[in-house]
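# Mind looking at a prediction? Sequence and model below.
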Amino acid sequence: MSKQFSSLGISTPILKALSELNIVEPTEIQQKTIPLLLSENHDVVGLAKTGTGKTAAFGLPLLQLIDTASPVVQAVILVPTRELGQQIFRNLEGFSKHIPNISIAATCGGIPIKPQIERLTNPTHIVVATPGRLIDLIQRKAVDLKQTQYLVLDEADEMVSILKESLDEIITELPKKHRTLLFSATLPGTIKQLIQNYLNKNVVQISASMETVGNQGIDHEYIVVDPIEKLDVLMHFLNSKEGERGIIFCKTKAAVNKLAKNLAINRFSSGALHGSLSQGIRDRIMEQFREGHINILIATDLAARGIDVKEISYVVNYHLPDTYETYVHRSGRTARAGAKGLSLTVLQEEEIIEIPDFERELGLKFTEFKKPTVASLEENNTLLWAKQIFKTKPNHDISAELKTKIKTVFHHLTKDELIEKLLANYVLQNKNDIVEKPVKKFKK
């Protein structure tokens, strides 16, 4: 199957690495981009939705074009976040496994700069960087881009504001004759302006898989809820997906923290990810998610950039995205590498009118996800209560004398009888809460 990549002009060492990585069939963006980058000298704009293989589309030809005998930085790849930078760095390392002497460095923000400066004292061919950190390195004279031939702007639509501030400073460090390769999932007006200002007028534009979001494997659905039942409906959905991995997107850091706390109370295997967390904590949570130690990631949009986990079976938009582009990036986290996936958007009644606009702008069709009945929600909450008890660790601070007294109260009951009484007590307490404290019970 790797002959398909060889027909695009990919060299033997890279073909060997692709075979070992089980990457057997080029995606549409790879088929269109790789031969162009290898055989032409034009600037290139590549448009393809998230999850369609853009990293390999520019990464494979770049690796092949590098002159490993020359110990200078020949390619710079700019990315919006450190997480995406690390993902691209890992991918390039894997692709170049059998290329002797090639050297790739990741120099992204959020971690100490000194080790990166030290790393760049060694011969380096490709630098993967966030714009702010690259400018810092330039100002410290820690990186020399005077012989850089390729500038890649990956996920450009996610870092427009950063590029507006920093691109001039970076480009002045590059030789006048260099190729710019811009890749994006969407093409808003700000990106068109960027292309006009910074890319050659003979730029070649490539579009792939643009007729649907990501690919045909995503089911786009929405569910309409009252604010008072939003959390209960979400937990009902998550219980139905037990054992599967997913991402829940919130608009704000505060919303992420609040939802993460609720899920932790209900013993869901989850972690929170947003920009105010330290880089060490973000890295640890991402590693736990990537390794499958936690199943649910609650994240803001920017914090979730760079998540490339194949087994994400669903995405939940807990808040309706502000832009169509944001929806593209969110839903693209699922159904990767040919898998199936669900993108579920939680709406309030007044937000339903937004759906036709999303359908028209993105060229897709939403279907309504059936809301669980009140009885089903109550049953689910009862199950969550039982799981809370099951997963509660014993309190060793309680005195042995009190434990003995409590055991004496229950000693004549069988296990089934005790469960029956606990369940009856829970239902009774729950009814009392609804009557006496409706606001507190449903507080989100």
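Okay, I see it. Numbering: from 1, shown residues only.
# where do the strands sit along the stretch 301-444 of the chain?
Taking DSSP state E, counting those that start in this stretch as the criterion, the stretch 301-444 of the chain contains strands spanning 312-317, 341-347, 367-368.
# now the angle between strand 312-317 and the second one, please.
I take that to be strand 341-347. Counting by axes from the mean of the first three to the mean of the last three CA atoms, to 10 degrees, strand 341-347 lies at 20 degrees to strand 312-317.
# circling back: same list (the strands of the stretch 301-444 of the chain) but as CSV, adding mean pLDDT, mean neighbour count and distance to residue 43.
C-beta here means a position set from N, CA and C on the backbone, and glycine is covered the same way. Shown next, in CSV, are these (pLDDT from 0 to 100; neighbours: other CB atoms under 10 Å; distance: least, CB to CB, whole Å):
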stretch, mean pLDDT, mean neighbour count, distance to residue 43
strand 312-317, 93, 22, 33
strand 341-347, 94, 23, 33
strand 367-368, 93, 10, 40
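# Checking residue 258 next. Helix, strand or coil?
Three-state call for residue 258 (DSSP: H, G, I helix; E, B strand; the rest coil): helix.
# Can you list the low-confidence ranges for this structure?
1-3, 50-51, 209-216, 303-308, 336-339, 432-444 (pLDDT under 70).
# Show me the domain layout of it.
Following automatic domain parsing, one finds the domains of the chain at 3-208, 218-374, 393-441.
# for the second one, the distance to its chain's centre please.
Averaging C-alpha positions (CA atoms, centre = their mean, to the nearest Å) puts domain 218-374 10 Å from its chain's average.
# same deal with the last one?
Mean C-alpha position of domain 393-441 versus that of the full chain (CA atoms, centre = their mean) differs by 41 Å.
# Tell me which stretches of the stretch 301-444 of the chain form helices.
Counting by DSSP state H, counting those that start in this stretch, the stretch 301-444 of the chain has helices at residues 324-331, 355-362, 374-391, 400-410, 415-436, 438-441.
# what does the stretch 1-150 of the chain give?
3-6, 12-20, 28-39, 54-65, 82-95, 114-119, 131-139.
# now these in a markdown table, with distance to residue 279?
Converted to a markdown table, those look like this (distance: least, CB to CB, whole Å):
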| stretch | distance to residue 279 |
| --- | --- |
| helix 3-6 | 35 |
| helix 12-20 | 29 |
| helix 28-39 | 30 |
| helix 54-65 | 22 |
| helix 82-95 | 7 |
| helix 114-119 | 13 |
| helix 131-139 | 12 |
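# Please work out which of these is packed deepest.
helix 54-65 (a mean of 24; mean count of other CB atoms under 10 Å).
# which outside residues touch it?
With contacts defined as CB atoms under 8 Å, 6 or more residues apart in numbering, helix 54-65 is touched by 5, 9-11, 14, 18, 23, 27, 29-30, 33-34, 37-38, 46, 48, 74-75, 77, 87-88, 91-92, 95-96, 99, 102, 126, 149-150, 152, 154, 181, 183.
# quick revisit: nearest to residue 384 among the domains of the chain would be which one?
domain 218-374 (4.8 Å; CB to CB).
# can you give me the end-to-end distance of the closest one?
By CA to CA, to the nearest Å, the extent of domain 218-374 from end to end equals 28 Å.
# what's the answer for stretch 150-161, then?
In stretch 150-161, first residue to last residue: 22 Å (CA to CA).
# To residue 367, which of the helices of the stretch 1-150 of the chain lies closest?
Comparing those against residue 367 with CB to CB, the closest turns out to be helix 28-39 (25.6 Å).
# returning to what we had before: got CSV for the helices of the stretch 301-444 of the chain, with distance to residue 188 too?
Below are the helices of the stretch 301-444 of the chain laid out as CSV (distance: least, CB to CB, whole Å):
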stretch, distance to residue 188
helix 324-331, 6
helix 355-362, 11
helix 374-391, 39
helix 400-410, 63
helix 415-436, 47
helix 438-441, 41
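# can you tell me how far residue 162 sits from residue 44?
Computed as CB to CB, to the nearest Å, the residue 162 to residue 44 distance reads 21 Å.
# Which one of those two is surrounded by more residues?
residue 44 (23 against 15; other CB atoms under 10 Å).
# Who does the more buried one form a beta bridge with?
residue 181, residue 204 (DSSP bridges).
# From what I see, it and residue 195 are in contact.
No - the criterion here is CB atoms under 8 Å, and residue 44 misses it with residue 195 at 10.5 Å.
# still on that earlier bit, ok, which of the domains of the chain comes nearest residue 382?
domain 393-441 (6.5 Å).
# Enumerate the positions of stretch 140-147 that are buried.
Going by neighbour count (16 or more other CB atoms under 10 Å), the buried part of stretch 140-147 is 142-143, 145.
# Let me have these in a markdown table, extended by distance to residue 393.
Output for the buried residues of stretch 140-147, formatted as a markdown table (distance: CB to CB, whole Å):
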| residue | distance to residue 393 |
| --- | --- |
| 142 | 49 |
| 143 | 50 |
| 145 | 55 |
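# And these, which is closest to residue 245?
Distances from residue 245 to the buried residues of stretch 140-147, taken by CB to CB, are shortest for residue 143, at 37.1 Å.
# Please determine how far the closest one is located from residue 115.
For residue 143 relative to residue 115 (CB to CB), the value is 14 Å.
# any idea how far residue 417 is from residue 263?
From residue 417 across to residue 263, the span is 32 Å (CB to CB).
# Who has more neighbours out of these two?
Ranked by neighbour count (other CB under 10 Å), residue 417 and residue 263 place residue 263 first, with 21 against 11.
# From what I see, the more buried one and residue 294 are in contact.
No - with contact defined as CB under 8 Å, residue 263 does not count as touching residue 294 (10.3 Å).
# shared neighbours of the two, which are they?
With CB under 8 Å, 6+ apart as the test, residue 263 and residue 294 both reach residue 270.
# Spit out the contact partners of residue 324.
Neighbours of residue 324 in contact, by CB under 8 Å, 6+ apart: 186, 358, 361-362.
# one more time with 10 Å, if that's ok
Contact analysis of residue 324 by CB atoms under 10 Å, 6 or more residues apart in numbering lists 186, 188, 213, 357-358, 360-362.
# Show me what the residue lying closest to residue 270 once chain neighbours are set aside is bridged to.
Closest residue to residue 270 apart from its sequence neighbours, by CB to CB, 6 or more residues apart in numbering: residue 296 at 3.9 Å. Bridge pairing for residue 296 (DSSP bridges) gives the partners residue 246, residue 270.
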